[in-house]
Structure formats: structure tokens, C-alpha cells
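Novice: just to be clear, the model below is a prediction. Sequence and coordinates:
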Amino acid sequence: MKYFLNLFLFLSIVSCTQKKQPILGETEFQKKMNADFKDASKSPLKLKDRKNFRGLDFFKFDSTYVVQATFERTPDEIPFKMKTTTDRMPMYVKYGIATFELKGKEHQLNIYQSLDLMEDEGFEDYLFLPFLDSTNGETTYGGGRYLDCELPENGKIKIDFNKSYNPYCAYNEIYSCPIVPRENYIQVKVEAGVKDFKRE
């Protein structure tokens, strides 16, 4: 009897081990995103999509897309209501302009600060960089992607496009996502970060 009990426990452990898939990802950022998307308490995925979820599709990490931009602060900007995919209109302010070179061309992107998030502990210094590029609607989500940024230092700000991610509404329409302002379109293919989500 004891033998069969031990055998049952062993087979149960093996079965659970086999079912548990390793977290996929080339970088820590990718692994963290995949872990969050698997976690029911954090994932934006619908239940049916999470059941078969193994990992998001990312471009291969490319240091070309890690840029040191010059940063111009725009302190006199008037706060505005940013359009979203729903009726929600969160308050943002244009914090500054990042200028950088990518693929032999100079580009500019506006960086924003959420007035609502500034009230939350831990988000006082959070900057929001939504952008559109020439991959949208092809290999990436048609509505553009987002980046989180830290406060600039000495007139410089690091932008790592390998950490660009999709709005949650790319996975589930129940979410309210800021619509990328048209002026934040850069005419280049940013083949870095997360790709468009393809449901199985």
C-alpha cells in the first residue's frame, strides 16, 4: 500500500512539473511581461486567450533601438484631456520633447505626464511616451505602442524601444487606453519591442 501511495505522489509531482512551462523571453523585460500575462491577477488577456498562452511575440533585442535623446522641457504647456478608446478622458500634460537619431534620420517625440498618476505613490516621476511608427498594422498593433520613461538627467533621456509594449485594449476591449497623438508618429520602422497579438 505504501509503495502505491509513494508511486502516486511521484507521478503527481512529475505530472505537475511537466505541465508547468518555463517563462519565455530573451530579456528580463520580455520574461516579466510574459509572467504577468500568464498571471490571472495581472493579465489583460481574456480567459480563452490566457488558457493557451505561452508567450508574447517580440522582435529580437537590438541595441540599435536603445537611443540617448536630447530632452527639451516644456514647462508652460497647458494640461489637456487625452482621448482614449472609451469615453474616459484622463488629464495629461506635455512634459517635453525628445530628439534623437535613428536609422540615419532625426526624429522627435513628445513625452507626456499623467496628472492623475502623479497622485499615486511611486508614479510621481512616471513619464509616458506613446508612439506610432511604420510597422503599425503590419507587424505591430495598428494603434501604436507605449513606452515608460524616467525623468531626464542633464538634458538627456534614454529611450529603449526594445521595451515598447501594446495598450491593454490590443488584448481586450474592456480596457480604456490612451490614443496615441498623431504628432507622435515617426516615419521609420521600429522593429523592436512587442509585436501584434495573434490569437490562436
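Specialist: Arrived safely.

Novice: list phi and psi for the residue nearest the centre of the chain.
Specialist: By Cα atoms, centre = their mean, the mean C-alpha position of the chain lies nearest to Tyr165, the distance being 2.2 Å. Dihedral pair for Tyr165: phi -140, psi 160, per degrees, to the nearest 10.

Novice: do the same with Glu119
Specialist: Main-chain dihedrals, Glu119, degrees, to the nearest 10: phi -80, psi -20.

Novice: shaky segments in the chain?
Specialist: Applying pLDDT under 70 to the chain flags the ranges 1-21, 200.

Novice: that older thread, ok, and the closest non-adjacent residue to the residue nearest to the centre of the chain?
Specialist: Counting by Cβ to Cβ, 6 or more residues apart in numbering, Tyr165 lies nearest to Val194, which is 5.1 Å off, once chain neighbours are set aside. In this view, the C-beta of every residue, glycine as well, is placed from N, C-alpha and C.

Novice: quick check: that neighbour vs Pro90, distance?
Specialist: Using Cβ to Cβ, to the nearest Å, Val194 is found at 22 Å from Pro90.

Novice: just checking, what packs against the longest strand along the chain?
Specialist: With secondary structure taken from DSSP state E, the chain has its longest strand at strand 91-102. Under the contact criterion of 3 or more Cβ pairs under 8 Å, 6 or more residues apart in numbering; DSSP states H and E, strand 91-102 touches strand 66-73, strand 80-81, strand 105-114, strand 127-131, strand 156-160.

Novice: and that strand, what's buried?
Specialist: For strand 91-102, a neighbour-count test (16 or more other Cβ atoms under 10 Å) marks 92-96, 98, 100, 102 as buried.

Novice: how about these, which pair is most distant?
Specialist: Farthest-apart pair in these is Val93 and Leu102; separation 25.6 Å (Cβ to Cβ).

Novice: so how far is the helix or strand encompassing Asp148 off the chain centroid?
Specialist: In the assignment (DSSP states H and E), Asp148 maps to strand 145-149. Distance of strand 145-149 from the chain centroid (Cα atoms, centre = their mean, to the nearest Å) equals 6 Å.

Novice: same question for stretch 152-160.
Specialist: Chain-centre distance of stretch 152-160: 19 Å, with Cα atoms, centre = their mean.

Novice: do the same with stretch 89-108
Specialist: Mean C-alpha position of stretch 89-108 versus that of the full chain (Cα atoms, centre = their mean) differs by 17 Å.

Novice: list phi and psi for Phe29.
Specialist: Torsion angles at Phe29 (phi, psi; degrees, to the nearest 10) stand at phi -60, psi -50.
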